[in-house]
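In: Sequence first, predicted model second:
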Amino acid sequence: MGLAARAIEAEGIPTVALSIVREITEKTPPPRALYLRFPFGHALGEPGKPDQHHQVLARAFALLFAAPGPGTIADAGLRWRREEYGAPDWGQWRTLGPGR
Amino acid sequence: MALNRLRNRLGALVFTAFPSLAARWARRLEADAGAVPWAPPLVALARSTLALVTTGGVHLSTQPPFVMDDPDGDPTVRELPVDAPRAALTITHDYYDHRDADRDLNLVWPAERLREWVAEKALGRLHATGYAFMGHIDGPHLATFARSSAPQVARRLRAAGVDYALLVPA
């Protein structure tokens, strides 16, 4: 994952990667990684929970614009199966961009 | 099923159930602390084109599956239309428990979720072609992946004028 993100970023395309095992990500850090304490095969969360998936994506996109420099691994701070996920905040998410 | 595939699938069940074992295993991996590139994000998400990349082993059922009987994995890539219907897609990846992802492919291939971002005008566009790898890559295949498969995808994304890429692991 880290190598793929680096290759894409090296072509001038900013990347953000989700990370499931922080120790793996730390070995080959991508430019920006959002670390989730979720099991393998569940980077977006649980099946059939679109609100959760959207909240994970929103955190990843926020990191895309907020990461301070290469090799950033940000902890999403979400607990597996112990979080309440609200409805998507489209109004806020439509404003995501540089400087946000 | 070959004995080694059965062993890999059993290992995947254990690693999925006990992530701390995966963390312990990861500590033995070699670090690749090479320079991490950096491209500053310049475009608002709502005006951008995003590419989706997964290492979850997703592919079209009509494409050759990822190789599962090589202990070093498979460094090749599959190109997928991001609007491919669920019935046209499958997962070949013995190294994680993908029963939940089989039920809801968004867990490793969130094309449906990202189309919702586009419909809500929070994302400009989803690049029509997504890319899928099978994340278990080791031994000599690592060099193939780093020097060939990954840069090839990167060049295609650049040629297509993609603004950003989201990478989703298994």
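Out: Arrived safely.

In: mind checking the longest helix of chain B?
Out: helix B:3-17 (DSSP state H).

In: Can you give me the end-to-end span of stretch B:93-111?
Out: 19 Å (C-alpha to C-alpha, to the nearest Å).

In: And that stretch, how far out from the chain middle?
Out: Centre-to-centre, stretch B:93-111 and its host chain are 10 Å apart (C-alpha atoms, centre = their mean, to the nearest Å).

In: on that earlier part again, helices and strands around the longest helix of chain B, which ones?
Out: Under the contact criterion of 3 or more C-beta pairs under 8 Å, 6 or more residues apart in numbering or on different chains; DSSP states H and E, helix B:3-17 touches helix B:19-26. (Each C-beta comes from the backbone N, C-alpha and C, glycine too.)

In: What residues sit buried inside the helix or strand A:A60 falls within?
Out: If you go by DSSP states H and E, A:A60 is part of helix A:50-66. Across helix A:50-66, burial judged by 16 or more other C-beta atoms under 10 Å in any protein chain shown covers A:50, A:52-65.

In: buried residues in the longest helix of chain B?
Out: Under the neighbour-count criterion of 16+ other C-beta under 10 Å, helix B:3-17 has B:8-9, B:11-12, B:15-16 buried.

In: Just the C-alpha atoms of that helix, please, in CSV.
Out: Output in CSV follows, covering the C-alpha atoms of helix B:3-17 (Å, rounded to 0.1, in the frame of the first residue of the first chain):
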residue,chain,number,x,y,z
LEU,B,3,-3.1,-27.5,1.3
ASN,B,4,-1.2,-24.2,1.2
ARG,B,5,-4.3,-22.3,0.2
LEU,B,6,-6.2,-23.8,3.0
ARG,B,7,-3.4,-22.9,5.4
ASN,B,8,-3.4,-19.3,4.1
ARG,B,9,-7.2,-19.0,4.5
LEU,B,10,-7.1,-20.3,8.0
GLY,B,11,-4.3,-17.8,8.8
ALA,B,12,-6.4,-15.0,7.4
LEU,B,13,-9.3,-15.9,9.7
VAL,B,14,-6.9,-15.8,12.7
PHE,B,15,-5.3,-12.5,11.7
THR,B,16,-8.7,-10.9,11.1
ALA,B,17,-10.0,-12.0,14.4
